[in-house]
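*Asks:* just coords:
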């Protein structure tokens with residue numbers, strides 16, 4: 001007997017009988033054109049609290065999605081999960097439900113004196129040291145941000161009176177071995193990379209391949225050159241201030257991009 005595979009191999013996206021997508025629980029039309037993404041559920045709740053008329057439109061498998069307005073512009077905020085596989089699922093489902101511009105609002109480990117603990121940086125490109133992007137594009141595909149999104153983020157930072165460095169980040173699949181090995185830190189520090197994290201290169205790749213826009217703004221929770229880290233009690237107030245500034249910048253940029 002031949003099994004008819006057409007129903008699940010020729011349709012790109014899965015939908016449950018109620019019309020929701022299986023991972024985020026959103027439906028088509030639930031998501032605003034501009035979406036802010038964060039791997040931290042707490043940070044997503046903070047962003048959602050800053051929206052006007054924010055409404056939870058998705059809540060499944062650890063993902064949460066809110067849609068509301070900021071400065072009268074429609075904006076969604078969503079958890080992206082931790083690492084590139086999770087962010088790829090989030091972006092694909094959010095995109096088919098209305099998202100067209102995606103901005104990562106996340107934390108990182110700095111490897112640059114330009115980004116102290118609590119420092120904010122904007123990524124215009126990323127080293128793709130993760131595996132998920134290979135399912136979307138060849139290894140030599142460049143993960144770059146959309147210039148319009150970078151411009152919106154830098155303009156919002158300038159309006160807030162902040163001089164935020166713009167440069168490269170590196171995304172890896174391994175938090176411990178991939179970010180805390182001296183040889184790896186030295187390799188990328190000497191190439192001008194600002195920070196290590198786990199999602200930006202995949203976000204840029206997926207969005208680029210799908211024809212969508214993407215950007216990334218990150219705040220350092222540790223500095224791998226100095227050993228300072230918030231989890232050790234270092235720079236906690238600086239990180240809180242930097243994170244608050246990052247949230248304001250990302251929302252201001254989202255409103256400008258939606259206008």
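*Replies:* Structure's in. What do you need? The structure presented is a predicted model; accordingly, all values stated were derived computationally and were not measured.

*Asks:* helices along the stretch 101-250 of the chain, start to end?
*Replies:* Applying DSSP state H, counting those that start in this stretch to the stretch 101-250 of the chain gives helices spanning 147-159, 182-189, 200-210, 236-258.

*Asks:* nearest to residue 39, of these?
*Replies:* Residue 39 lies closest to helix 200-210 among these, at 10.9 Å (Cβ to Cβ). The way it works is simple: take the backbone N, C-alpha and C, and place the C-beta from them, glycine included.

*Asks:* what comes into contact with the closest one?
*Replies:* 37, 80, 84, 87-88, 91-92, 95, 102, 104, 106, 123, 125-130, 132-133, 136-137, 141, 143-146, 169-171, 213-214, 216, 218 (Cβ atoms under 8 Å, 6 or more residues apart in numbering).

*Asks:* how about the nearest residue to residue 106, chain neighbours excluded?
*Replies:* Nearest non-adjacent residue to residue 106, counting by Cβ to Cβ, 6 or more residues apart in numbering: residue 218, 5.2 Å away.

*Asks:* which pLDDT value belongs to the one you found?
*Replies:* pLDDT recorded at residue 218 is 98.

*Asks:* so how many other residues sit close to it?
*Replies:* Per other Cβ atoms under 10 Å, the neighbour tally for residue 218 reads 27.

*Asks:* picking up where we left off before, out of the contacts of helix 200-210, which are inside strands?
*Replies:* 37, 102, 104, 106, 123, 125-129, 169-171, 213-214, 216, 218 (DSSP state E).

*Asks:* which among those count as buried?
*Replies:* The neighbour-count test (16 or more other Cβ atoms under 10 Å) marks 37, 102, 104, 106, 123, 125-129, 169-171, 213-214, 216, 218 as buried among these.

*Asks:* any idea what the residue most central in space within the chain is bridged to?
*Replies:* Geometric centre of the chain, nearest residue: residue 104, 2.1 Å, by Cα atoms, centre = their mean. Beta bridges link residue 104 to residue 37, residue 216 when assigned by DSSP bridges.

*Asks:* residue 145 versus that one, what's the distance?
*Replies:* 10 Å (Cβ to Cβ, to the nearest Å).

*Asks:* mutual contacts of those two, please.
*Replies:* Residues within reach of residue 104 and of residue 145 at once, by Cβ under 8 Å, 6+ apart, are 214-216.

*Asks:* TSV for the residues you listed, including distance to residue 13?
*Replies:* Output for the shared contacts of residue 104 and residue 145, formatted as TSV (distance: Cβ to Cβ, whole Å):
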residue	distance to residue 13
214	20
215	24
216	25
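
*Asks:* nearest to residue 156, of the residues you listed?
*Replies:* For these, the nearest to residue 156 is residue 215 (10.8 Å; Cβ to Cβ).

*Asks:* counting neighbours, what do you get for residue 56?
*Replies:* Count around residue 56 with other Cβ under 10 Å applied: 13.

*Asks:* give the contact list for it.
*Replies:* Counted by Cβ under 8 Å, 6+ apart, residue 56 has contacts 48, 64-66.

*Asks:* check which helix or strand covers it.
*Replies:* strand 52-60 (DSSP states H and E).
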